[in-house]
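J.: sequence and predicted structure below; questions after.
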Amino acid sequence: MEENEEGRVKEDEEEEQEQVWSWGAGTDGQLGTGKLQDELLPQLLSLPSLSAVGSISLLACGGAHVLALTSGGKVLTWGRGTSGQLGHSEMVNSPHPKLVMSLDTYFITHASAGWNHSGFVSDAGDVFTCGDGSFGQLGHGDYSSHCSPVKLSFLDDLSVKQIACGMRHSLVLLKGDSGDDIYGFGSGKRGQLGISKKIKSISVPERIYGFEGVKVTSIIANGDQSAALSAVGHLYTWGKGFGGTSSTYSPQSLATSLWFTKAAVGWNHVLLLTADGEVLMLGGNHHGVLGNPEKMSPARLLVDSGEAMVEKVPGLEGNRIMDVAAGAEHSVIVTGHGVIKTWGWGEHGQLGLGNACNQTSPQEVSLGHTSQTEATAIKIYCGSGFTMAVRTPHIPS
C-alpha cells in the first residue's frame, strides 16, 4: 500500500513539472530522445541539461534542429548540426540539448531556426547568427558558414526585437522611436526578401518597404515565404505564393476585417488564429494540408498578387483555439481544453497519431496518461517534419 502511495505521489510530482514532448522525424537527433529514429507517438523527454538552467520560454524548430530559450536567457540546442547551426563550435549533430556557451554572457530573448541556420536576439537588441551562410542568410556580408553565433555588425546601432529564419533567408524586426522596420537578407529568388524581383540573394540586411506607420508585433518565415502581423491584427505576406498564386516581391496585406493574433507559416500554407479563437488557413493543398475541399467554407479574399483562398478549418466547431503551429506541410492546434489536434503530411509520424498516414482533418493527439485540463498551458512548435509540445501545469497569471 505504501509503495502504491509513493508511486502516486511521484506521478503527481511529475505532472506538476514542466513537460516537453516530441514526435515525428528524428534521424538527426532533433527529437531530443537520444535516439536517431522517427517517433510515431509523442515521447516525454528527460532533459536534465535543460531543467538545470530553468523553464522553457521558447522553442524554435528548424529543418532538423531545435533551439530552446530558458526564462533566464540561456540557449540550448540539439539535432542536426552539420552546417554549424547548433552553435557549438563544431559541425556535428547532437542528440541531446547542449548549452551554447558563446552566448552565455548574453540574455537571449528571441530565436529562430531555419532549414540549416539559426538566429538569436539579446535583450540589448543585438543579433547573432550561425549555420549555413551559402545564400547570405547569416547577414555578415559574405556567403560563409559559421559554427558559432556571430554578431551582426550591420545592425550595431539599431535595436532588434525578433528574428525569423526561413529555408535560405532571414528577417529581423527593429523597434525604434520613429516606428518599426523589417530587414531581410539571404535568398530572394521567390520574393521572400520583399525587396526586388531582381535580387537573387543579398548578404547584408536591407530594409523592406511597406511598413511605414505600421506597428509590427511579429515576423514569421518558413520555406520561401515571409509574413508579418501588425498590432491591429493585419497579416502581411510576401515571397512564394500560397495556394498556387504567383510570388509577391513586396509585402501585401490580406484584405479582411478579421483580427489575427498569430500566424504560423508552412511551405505552402499559413494557419491564422483570430482574436475569437478561430483558425483559418491560407493556401495549402499539398498532402491533405487543406483538408477535404467539399467540407470547407471558403471565403475568397482579394490579394494584390491574385486571389488567395482563406478557409475556416473544419472539425473545430465549438472549440476555442489557443495556439497554432505549422511544419513544412503539417498543422497543429491546441484547444482551450488543452487538447492537441494535428493534420496534413504524416510520413514521419509528425502528426503523433501512431502511424505515418496523411490526414485531411484535425485528429486528436494523446500525450500519454497526462491529464489535459484548462489549468494546463500547452505551447506547440513545429519543425519541417517534427512536432514538439511544452506543457506547464498552470497558466501564468
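T.: Arrived safely, thanks for sending.

J.: A helix includes residue 353, no?
T.: No - in this structure, residue 353 is coil, not part of a helix, as judged by DSSP: H, G, I helix; E, B strand; the rest coil.

J.: where do the strands sit along the stretch 201-350 of the chain?
T.: Secondary structure of the stretch 201-350 of the chain (DSSP state E, counting those that start in this stretch): strands at 201-208, 216-222, 225-230, 235-239, 248-253, 260-265, 269-274, 279-283, 297-303, 306-312, 321-326, 330-335, 340-344.

J.: just checking the distance from stretch 384-393 to the centre of its chain.
T.: 11 Å (Cα atoms, centre = their mean, to the nearest Å).

J.: what mean pLDDT does it have?
T.: Stretch 384-393 carries an average pLDDT of 95.

J.: thinking again about what came up before, out of the strands of the stretch 201-350 of the chain, nearest to residue 381?
T.: Of all the strands of the stretch 201-350 of the chain, it is strand 321-326 that lies closest to residue 381, at 5.6 Å by Cβ to Cβ. The way it works is simple: take the backbone N, C-alpha and C, and place the C-beta from them, glycine included.

J.: who does the closest one touch, helix- and strand-wise?
T.: Judged by 3 or more Cβ pairs under 8 Å, 6 or more residues apart in numbering; DSSP states H and E, strand 321-326 is in contact with strand 260-265, strand 269-274, strand 330-335, strand 377-382.

J.: partner strands of that strand, with direction?
T.: For strand 321-326, the paired strands and their directions (DSSP bridges) are strand 330-335 (antiparallel).

J.: any low-confidence regions in this protein?
T.: Across the chain, the ranges flagged by pLDDT under 70 are 1-16, 285-308, 369-375, 394-397.

J.: can we see that at 50?
T.: 1-3, 5-15, 287-288, 290-307, 396-397 (pLDDT under 50).

J.: hang on, the earlier thing: may I see the strands of the stretch 201-350 of the chain arranged in TSV, with distance to residue 55 and mean neighbour count as well?
T.: TSV is the format used below for these (distance: least, Cβ to Cβ, whole Å; neighbours: other Cβ atoms under 10 Å):
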stretch	distance to residue 55	mean neighbour count
strand 201-208	32	19
strand 216-222	22	22
strand 225-230	26	25
strand 235-239	30	26
strand 248-253	35	19
strand 260-265	21	21
strand 269-274	24	24
strand 279-283	27	24
strand 297-303	39	13
strand 306-312	34	18
strand 321-326	17	22
strand 330-335	18	26
strand 340-344	20	25
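
J.: pop out the phi and psi values for residue 48.
T.: With angles defined as degrees, to the nearest 10, residue 48 sits at phi -60, psi -30.

J.: go on, residue 155?
T.: Note on residue 155: its backbone torsions stand at phi -120, psi 20 [degrees, to the nearest 10].

J.: helices of this structure, start to end?
T.: All helices of the chain, identified by DSSP state H, fall at 2-16, 48-51.

J.: residue 83 - how many residues pack around it?
T.: Neighbourhood size, residue 83 [other Cβ atoms under 10 Å]: 22.

J.: residue contacts, it?
T.: Contact analysis of residue 83 by Cβ atoms under 8 Å, 6 or more residues apart in numbering lists 91, 116-117, 131-132, 145.

J.: switch the cut-off to 10 Å
T.: With contact taken as Cβ atoms under 10 Å, 6 or more residues apart in numbering, residue 83 is in contact with 63, 65, 91, 114-118, 130-134, 145-147.

J.: before we move on, what about residue 330?
T.: Residue 330 sits next to 24, 266, 269, 287-289, 342-348, 350-352, 358-359, 382, 384-387 when contact means Cβ under 10 Å, 6+ apart.

J.: next one: residue 195
T.: By Cβ under 10 Å, 6+ apart, residue 195 lies in contact with 183-185, 188, 202, 206-209, 238, 249-250.

J.: do you know how far it is from residue 168?
T.: Residue 195 sits 15 Å away from residue 168, taking Cβ to Cβ, to the nearest Å as the criterion.

J.: quick revisit: among the contacts of residue 83, which are located in strands?
T.: Of those, the ones assigned to strands by DSSP state E are 65, 117-118, 130-131, 146-147.

J.: of the residues you listed, closest to residue 96?
T.: Looking across those and measuring by Cβ to Cβ, the closest to residue 96 is residue 65, at 12.6 Å.

J.: what's the local residue count around that closest one?
T.: If you count neighbours by other Cβ under 10 Å, residue 65 ends up with 30.

J.: so who does the residue nearest to it when sequence neighbours are not counted touch?
T.: Leaving aside its chain neighbours, residue 65 sits nearest to residue 79 (3.5 Å; criterion: Cβ to Cβ, 6 or more residues apart in numbering). Residue 79 sits next to 25-26, 28-32, 61-67, 85-86, 93-97, 113, 383, 386 when contact means Cβ under 10 Å, 6+ apart.

J.: that concludes my questions; thank you for your assistance.
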